[in-house]
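A.B. asks: Sequence and computational prediction follow.
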Amino acid sequence: MTEKKLAIIATKGTLDWAYPPFILASTAAALGYETEIFFTFYGLQLLKKDLNLQVSSLGNPGMPMPMPVPVLLQALPGMQSMMTMMMKQKMKSKGVASLEELRDLCQEAEVRLVACQMTVDLFEMDTKEFVEGVEYGGAATFFEFAGESDICLYI
């Protein structure tokens, strides 16, 4: 029996969008899937050693709030920091692993973390800011793996 494969494209660089690729990849690896996450555009933020990610309710009407907050108020200075702090507290109180822990778990489980070289070049990113073990490649690198994958997710 051949090993199943999971390919994930991570495109978002916010706190709330950082969890799905790492949770899904670490779970798939634990279930025996060969797994790769291809980080492109803002998803490259998830590869930085220092994860200082924010969450924003703007453009995300499904975000649960302790009380209704009009969209206009959500745009006020300081609201994004406050919402980020609230989200981090909620995650901690519910025992959800940190992003760093989830990313480490992925690396321990041999999930391939591939940074899009074109995007790194486009945004002139300093790869010294990335965690160890990151591979670099382009769309062709992703398709080589995704073309043989059983599941492909765009996050």
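C.D. replies: Everything's here; your move. Quantities reported herein were computed from a predicted structural model and do not represent experimental measurements.

A.B. asks: Where does pLDDT dip in this structure?
C.D. replies: For the chain, applying pLDDT under 70 flags the ranges 1, 57-76.

A.B. asks: List the contacts of the residue nearest the centre of it.
C.D. replies: Centroid-nearest residue in the chain: residue 18, 3.2 Å away (criterion: C-alpha atoms, centre = their mean). Residues near residue 18 by C-beta atoms under 8 Å, 6 or more residues apart in numbering: 12, 45-46, 51, 53, 99. Placement of C-beta: from N, CA and C, glycine included.

A.B. asks: Can I get the strand or helix carrying it in CSV, CA atoms only?
C.D. replies: Using DSSP states H and E, residue 18 maps to helix 15-30. Presented in CSV, the C-alpha positions along helix 15-30 are these (Å, rounded to 0.1, in the frame of the first residue of the first chain):
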residue,chain,number,x,y,z
LEU,A,15,-3.1,34.6,13.7
ASP,A,16,-6.5,33.0,13.0
TRP,A,17,-5.4,31.8,9.5
ALA,A,18,-2.1,30.4,10.8
TYR,A,19,-3.7,27.6,12.8
PRO,A,20,-5.4,25.5,10.1
PRO,A,21,-2.4,24.6,8.0
PHE,A,22,-0.3,23.5,11.0
ILE,A,23,-3.2,21.6,12.7
LEU,A,24,-4.2,19.8,9.5
ALA,A,25,-0.6,19.0,8.5
SER,A,26,0.4,17.7,12.0
THR,A,27,-2.7,15.6,12.2
ALA,A,28,-2.2,14.2,8.7
ALA,A,29,1.4,13.4,9.5
ALA,A,30,0.3,11.6,12.7
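
A.B. asks: The following helix or strand past that helix vs helix 15-30, what angle?
C.D. replies: Per DSSP H and E, helix 15-30 leads on to strand 34-39 as the next helix or strand towards the C-terminus. Strand 34-39 runs at 160 degrees relative to helix 15-30, counting by axes from the mean of the first three to the mean of the last three C-alpha atoms, to 10 degrees.

A.B. asks: who's in contact with strand 34-39?
C.D. replies: 3-10, 21-22, 25, 28-29, 46-47, 106, 109, 111-116, 137, 141-142, 145-146, 149.

A.B. asks: and these, which of them are in helices?
C.D. replies: Among these, the ones falling in helices (DSSP state H) are 21-22, 25, 28-29, 106, 141-142, 145-146.

A.B. asks: Any chance of CSV for those, columns distance to residue 87?
C.D. replies: CSV is the format used below for these (distance: C-beta to C-beta, whole Å):
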residue, distance to residue 87
21, 17
22, 16
25, 21
28, 25
29, 25
106, 21
141, 33
142, 29
145, 32
146, 30
